[in-house]
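K.L.:
Got a sequence here, can you build the structure:
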Amino acid sequence: MAMNLGSGSGPMVDINTTPLIDVMLVLLVTLIITLPVMTHSTKIDLPQGHPPPPKVQPQVINLNIDFDGTITWNGTVVPNMQTLDAYFASASQQVPQPEIHLNPDGMAKYGVVAKVLAAAQRNRMRKIGFVNTSEFSQ
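P.N.:
Numbers count the residues shown, from 1 in each chain. Coordinates of the predicted model:
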């Protein structure tokens, strides 16, 4: 059993770093050439415009649904769904259309909330949002 200690015909295990150095030099030259172009600034005189007029804030309607199904429209108790439909019909004709802030109680029945949302959709109310949903974000 002999051991080969010389530089024979075995495989070479060192990595060739010449291509890596070539790529690094090309990137360095590219950076040196493009750096003055990136720092060059051009002064532009932009036209002076007039700001748009302020938008009219829509009216906010607070619609509360209690745990027992009682619906209140801005603090006024709504006796039945026909009255709620009439409120929605008159509100949908206003310009701009008011925002409905729906505040259902955590213990309110889903059916009552669904009926209120269906009535709003039927009367073409477009701006409806749920408020006070902090009990759901735990």
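K.L.:
What's the local residue count around Asp85?
P.N.:
Residues near Asp85, counting by other C-beta atoms under 10 Å, number 15. For glycine as for every other residue, the C-beta is placed from the backbone atoms N, C-alpha and C.
K.L.:
again, but for Ser90
P.N.:
Here the count is done by other C-beta under 10 Å, and Ser90 has 11 residues near it.
K.L.:
what's the spacing between it and Pro53?
P.N.:
27 Å (C-beta to C-beta, to the nearest Å).
K.L.:
And Pro79, by the same measure?
P.N.:
Computed as C-beta to C-beta, the Pro79 to Pro53 distance reads 41 Å.
K.L.:
residues near Asn73, how many?
P.N.:
Not quite, residue 73 is Trp, not Asn. Using other C-beta under 10 Å as the criterion, Trp73 is surrounded by 17 other residues.
K.L.:
returning to that earlier point: with neighbour numbers in mind, choose between Pro79 and Pro53.
P.N.:
The neighbour count for Pro79 versus Pro53, taken as other C-beta under 10 Å, is higher for Pro79 (10 against 6).
K.L.:
Now do the phi/psi pair for that one.
P.N.:
Pro79 has phi and psi values of phi -70, psi -30 when expressed as degrees, to the nearest 10.
K.L.:
do the same with Gln82
P.N.:
Gln82 has phi and psi values of phi -70, psi -40 when expressed as degrees, to the nearest 10.
K.L.:
how much space is there between it and Lys115?
P.N.:
When distance is defined by C-beta to C-beta, Gln82 is 12 Å away from Lys115.
K.L.:
Neighbour count: those two, which is higher?
P.N.:
Neighbours were tallied for Gln82 and for Lys115 using other C-beta under 10 Å; the higher tally belongs to Lys115 (16 against 10).
K.L.:
what's the burial count for the residue lying closest to that one once chain neighbours are set aside?
P.N.:
In this structure, Lys115 finds its nearest non-sequential neighbour in Met81, 6.5 Å apart by C-beta to C-beta, 6 or more residues apart in numbering. Summarising burial for Met81: neighbours were counted as other C-beta under 10 Å, giving 14.
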